[in-house]
Structures are given as structure tokens and as C-alpha cells.
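Asks: Give me a 3D structure for the following:
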Amino acid sequence: MPTLPDAASPAPDSPAAGLERLSALHSLGILDTPPEPQFDRIMALVSRYFRVPFGSVTFVDDHRQWFKASVGFTHRADPRGQSICALTVDAGCPLVIPDLRADPRTAPLDAVQGGHQLRFYAGIPLRADGHAVGTLCVLDTCPRDFSAEDLEVLAQFAELAQSELRLRLALRDLEALALTDPLTELPNRRAFQRELASACGAARSGQTRVVGLLDLDRFKPINDTLGHAVGDAVLRFVAQRLLALLRPGEILARYGGDEFTLLLTGPDADARAREIALELPHRLHMPSGLRVGVSLGLVSVSGPADPKALLELADQTMYRAKAAGTIAAHSRFPDDLNPARP
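Replies: All right, here's what the predicted structure looks like:
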């Protein structure tokens, strides 16, 4: 029989460690997500191999246990105080309880005394960033022995679930890379188009949206005469200064080359666009003495709009500002759609 953790409840995490554990759990982005076949298949295999009527892939936060996949259970969450898996998470190591009614930690629990009449438990921690955040566990309605070999097999099944978690994080990181401009670390064209499409999809609410397209003036001579390293530094500088002008929820992206895009939403979007246009000239004084100007086309819309048409109008409006030698020009969609381009 494997050595069990002491029957006394484990010492609680320090507040800092508890917050780190919760942060690691939330970083998985798995809580309250729909069932996924890969986790369901693992649990079906585990249940069949050990011939148990209950089992789960469980994650434990500060107030509940939540089942990502389960066998035998028809609900998806329990209060943390009713969770056997919370004991495994708190201990941070495999836990086997041959008879739940004989263990003072679990004897009073509803799942033991009430509905499911559970009597046996074995669980292996699942980890994120080194913290135990959940378990893969099996449960039975009668006491049973669980050998060291059984525990090793359960650990191998848990490793399958752990591999799925690692894959989940890797795919999320790849998606983040696919949506981020590596030079400025701003959202890229693809990310901006996704946000703009989402904002246009909210048109039925009548919410005002302002789309901006900003182009750097005199940038090509900097690249040609001083080199791409200096040009890259200019782009990073402009990105940081533009970002400092924005409030939470306002979006700045590098659209490509020396072009940046803005998306402002809300009842004060038009006023915010004017504020940003007025402030821009005062924010782009470079310490090196290099001079780079900007031309900004701003388009306001409050009704249904096609994202592509909005960007085309923003592009035309930006060129209008450039031709006039002004920092910014404003248009309203669809009133100013398809004006003659200077």
C-alpha cells in the first residue's frame, strides 16, 4: 500500500502562495469551458481500467472544485469545503484514501454520507507553473486497496491529462504570437481586423465607434539614410507614445510598415478621437532629435458598417490629412464614403 499523507489537514498556503496557485490555474483558461473530447476519452479509459463508477479531471480554485471531465457525476461543481480533490491539491502529492468513512477529513462530506455514498478515493495532482491546480482521480462506492502499481498507472493517466494542459498552453501561446507584432509588441493587422469585426458586430447597440489609420511622415528617408535599426527604434518609440495616450479598452495596432490603427468605442469615442489628435504632436518629440510626423485619418460610425469599408475610408481620410499638411482629418461613415482621393 502506498504511503499516505498525514491525516491531519495540510497547512494552508501562505496568501502569496495561494494567489500564485490561483494565477497559475487561471492562466490555463480552462475553468467553465465546455467539455472537450480529449479529456472525456482519458476519463473513460481510467474508469474502464480501474473498474470504478466515478472519476474526474477536476480543477480547484478558492471556492469550488470544477469538473472538466467526469464519469458518474451529473453535476460539474461542488463547494471547496465538500471537495476531496482539494485535499490532494493542498497536499501537492498523490493521495489515496482506502475508506472515506474512516478518514476524519472525508467522513462528514456530503458525497460520502449522502447521495453518491463514496467510500474510496485516489487522486494525482495536475500542475501549472509548478503549482497543484487540480487532480485526476478515481472513486468507488466500496472501500478498496490500491497498490503502488495501481498508483503508478493512475499517475500515467494523469500525465496524459497533463500533456493536454501543456498542449493547451502551447496553442494559446502560438495564437498570441500570431496576433502580436514582434517589433512593437502591439496587436498586429490580424488581431486588429478581429477586434474591428467584433466591434462592427455590435452595431445593433448603436454604440459609437471611431476607426483611425495613422501613417508616419518622413519615415522612409530615416530608413534609407540611417538604416533599419534606427527605423525600428522610431517605430517602437511611436508605438510607446501612442499607447500612452490610450485608456483601457482602446486599441492600438501596428497595421503594417509605418501604419498604425486605432479603435475607440463608447459614447465618448468622438471626443476621445479629438483629444488624441490634439495631443499627438506633443508626444512625438524624439530625444535623438529625429523628426517624424504623422497623418491620422479618423472615421466615426454609429450604425451598421462593413469593416473593410471603414478601413478604406480611414485610409482615404488619412491621405486627405497628409495632402492638407494637418495632423488629422475626420470623416463620418457612411456620409463621407468614397470621396475623391487627393
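Asks: Could I have the CA atoms of the helix or strand bottoming out on mean pLDDT in the chain written out in PDB?
Replies: Of all regular secondary-structure elements in the chain, judged by mean pLDDT, DSSP states H and E, the least confident is helix 219-226 with a mean of 86. What follows is helix 219-226 as a C-alpha-only set of coordinates in PDB (Å, rounded to 0.1, in the frame of the first residue of the first chain):
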ATOM      1  CA  PHE A 219       9.800  57.800 -42.300                       C
ATOM      2  CA  LYS A 220      11.300  56.400 -45.500                       C
ATOM      3  CA  PRO A 221      14.300  58.800 -45.500                       C
ATOM      4  CA  ILE A 222      15.100  57.800 -42.000                       C
ATOM      5  CA  ASN A 223      15.200  54.100 -43.000                       C
ATOM      6  CA  ASP A 224      17.100  54.900 -46.200                       C
ATOM      7  CA  THR A 225      19.800  57.100 -44.700                       C
ATOM      8  CA  LEU A 226      20.200  55.900 -41.100                       C
END
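Asks: other SSEs contacting that helix?
Replies: Taking 3 or more Cβ pairs under 8 Å, 6 or more residues apart in numbering; DSSP states H and E as contact, the helices and strands that helix 219-226 lies on are helix 228-245. Using the backbone N, CA and C atoms, a C-beta is placed for each residue, glycine as well.
Asks: so the least confident helix or strand of the chain versus helix 228-245, what angle?
Replies: Computed by axes from the mean of the first three to the mean of the last three Cα atoms, to 10 degrees, the angle separating helix 219-226 from helix 228-245 equals 140 degrees.
Asks: Go ahead and name everything in contact with helix 219-226.
Replies: Where contact means Cβ atoms under 8 Å, 6 or more residues apart in numbering, the residues beyond helix 219-226 that reach it are 230, 231, 234, 258, 290, 292.
Asks: Pretty sure the third one sits against residue 293.
Replies: Right, residue 234. No - in this structure, residue 234 sits apart from residue 293 without contact. The criterion is Cβ atoms under 8 Å, and the distance is 11.6 Å.
Asks: ranges for the helices of the stretch 201-342 of the chain?
Replies: Per DSSP state H, counting those that start in this stretch, the stretch 201-342 of the chain carries helices over the ranges 219-226, 228-245, 269-283, 307-324.
Asks: Using PDB, write out the CA atom coordinates for stretch 71-85.
Replies: In PDB, the C-alpha atoms belonging to stretch 71-85 read as follows (Å, rounded to 0.1, in the frame of the first residue of the first chain):
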ATOM      1  CA  VAL A  71     -17.600   9.700 -15.100                       C
ATOM      2  CA  GLY A  72     -20.600   9.000 -12.900                       C
ATOM      3  CA  PHE A  73     -21.200  12.600 -11.800                       C
ATOM      4  CA  THR A  74     -24.100  14.500 -13.300                       C
ATOM      5  CA  HIS A  75     -23.100  17.900 -11.900                       C
ATOM      6  CA  ARG A  76     -20.000  20.000 -12.700                       C
ATOM      7  CA  ALA A  77     -19.000  21.700  -9.500                       C
ATOM      8  CA  ASP A  78     -19.000  21.400  -5.700                       C
ATOM      9  CA  PRO A  79     -18.100  23.900  -2.900                       C
ATOM     10  CA  ARG A  80     -14.500  23.600  -2.000                       C
ATOM     11  CA  GLY A  81     -15.400  22.600   1.500                       C
ATOM     12  CA  GLN A  82     -17.000  19.500   0.100                       C
ATOM     13  CA  SER A  83     -14.100  18.600  -2.200                       C
ATOM     14  CA  ILE A  84     -11.900  15.500  -1.600                       C
ATOM     15  CA  CYS A  85      -9.700  16.700  -4.500                       C
END
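Asks: Okay, buried residues for that stretch please.
Replies: Buried residues in stretch 71-85, defined by neighbour count with 16 or more other Cβ atoms under 10 Å: 71, 72, 73, 76, 77, 78, 80, 82, 83, 84, 85.
Asks: just stretch 105-117 next, same as before
Replies: 105, 106, 109, 111, 112, 116.
Asks: Could you point out which of these is nearest to residue 29?
Replies: Of all the buried residues of stretch 105-117, residue 111 has the smallest distance to residue 29: 27.6 Å, by Cβ to Cβ.
Asks: Let's see the pLDDT reported for the closest one.
Replies: On the pLDDT scale, residue 111 is placed at 95.
Asks: ok, it to residue 250 distance?
Replies: Residue 111 sits 48 Å away from residue 250, going by Cβ to Cβ, to the nearest Å.
Asks: Also residue 197?
Replies: Separation of residue 197 from residue 250 (Cβ to Cβ): 17 Å.
Asks: Please enumerate the strands of the stretch 101-250 of the chain.
Replies: For the stretch 101-250 of the chain, strands defined by DSSP state E, counting those that start in this stretch occupy the ranges 120-128, 131-140, 209-217.
Asks: So what are the sheet partners of the second one and their directions?
Replies: With DSSP bridges as the criterion, the sheet partners recorded for strand 131-140 are strand 54-60 (antiparallel), strand 120-128 (antiparallel).
Asks: Redo these as a markdown table? Include distance to residue 89.
Replies: Listed next are the strands paired with strand 131-140 as a markdown table, based on distance: least, Cβ to Cβ, whole Å:
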| stretch | distance to residue 89 |
| --- | --- |
| strand 54-60 | 5 |
| strand 120-128 | 6 |
